[in-house]
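In: task: produce atomic coordinates for the following.
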Amino acid sequence: ETFRRDDHVGSGHRITVLDADGDGCDEALVGYQLVKPGGQIVWTLDCWEGRPIDSAAQHVDHAELYEYRGDTFFALAGSDSLYWITSRGETVWRHALPHPQCCLVGRFRPDDDRPGVFLTNARESMDGFDVDGNRIWHGLLPEHWPMGRPTNLGRHVLHKGGPAALWRSP
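Out: Now for the predicted structure:
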């Protein structure tokens, strides 16, 4: 059978593969669902369980996983929200934002040894959140380009799925 976009709740631009339940076999995070290799759904994200969804309008644009305090967490850039969820499909926190596209998780602050989430929103801004879901900063994209606003954008706003990468250094 052919895979259809609406086969899984909120399936979007990226599938993340990992052993989320520790059984030695990889699962796939497809949209807002964790799926076994045979297609069995392990869980649907609690805030989407049993709710109708149009995956073309509401889907996961990017997912980033992070091991923290003995558990796996995911940051999900959904169509209108950033989510921090557990590997069991439980929402820890959620923030409504203008079209999240790319999220990165890491230690971004020298004064905090906990992870944070860096997020780009497609149409207007970037945000930083701590692991508790507190917004620690917010800025406009043109202000934060390393070499200024790209000249080829003209008056257009940026709509790019992955304009950032995590570069680890000592």
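In: so R135 touches M126, yeah?
Out: No - applying CB atoms under 8 Å, one finds R135 not in contact with M126, separated by 11.1 Å. C-beta here means a position set from N, CA and C on the backbone, and glycine is covered the same way.
In: tell me which residues in the strand or helix carrying E64 are buried?
Out: Assigned by DSSP states H and E, E64 falls within strand 60-68. Across strand 60-68, burial judged by 16 or more other CB atoms under 10 Å covers V60, D61, H62, A63, E64, L65, Y66.
In: before we move on, what about stretch 30-43?
Out: So stretch 30-43, judged by 16+ other CB under 10 Å, has buried residues V30, G31, Y32, Q33, L34, V35, V42, W43.
In: please report the distance of the nearest residue to L29 once chain neighbours are set aside from D26.
Out: Spatial nearest neighbour of L29, chain neighbours left out: T16 (4.2 Å); criterion: CB to CB, 6 or more residues apart in numbering. Distance of T16 to D26, given as CB to CB, to the nearest Å: 10 Å.
In: quick one: the strands in the chain?
Out: Assigned by DSSP state E, the chain shows strands spanning 15-18, 27-30, 33-35, 41-44, 60-68, 71-78, 81-86, 91-96, 100-106, 116-121, 125-130, 135-140.
In: any idea how far G139 is from the nearest residue to D112 once chain neighbours are set aside?
Out: Closest residue to D112 apart from its sequence neighbours, by CB to CB, 6+ apart: D130 at 6.7 Å. Here the criterion is CB to CB. By it, D130 lies 16 Å from G139.
In: the two: which has the busier surroundings?
Out: Higher neighbour count among D130 and G139: D130, with 16 against 11, using other CB atoms under 10 Å.
In: just the pLDDT for that one.
Out: Looking at D130, its pLDDT reads 95.
In: tell me the contacts of it?
Out: Applying CB atoms under 8 Å, 6 or more residues apart in numbering to D130 gives the contacts R109, D112, R114, G116, I136.
In: and for G139?
Out: G139 sits next to S125, M126 when contact means CB under 8 Å, 6+ apart.
In: go on, A20?
Out: Taking CB under 8 Å, 6+ apart, one finds E27, L29, L34, V42, T72, S87 in contact with A20.
In: quick check, the first one in contact with V17.
Out: Same thing as E27. Yes - assessed by CB under 8 Å, E27 is found in contact with V17 at 7.4 Å.
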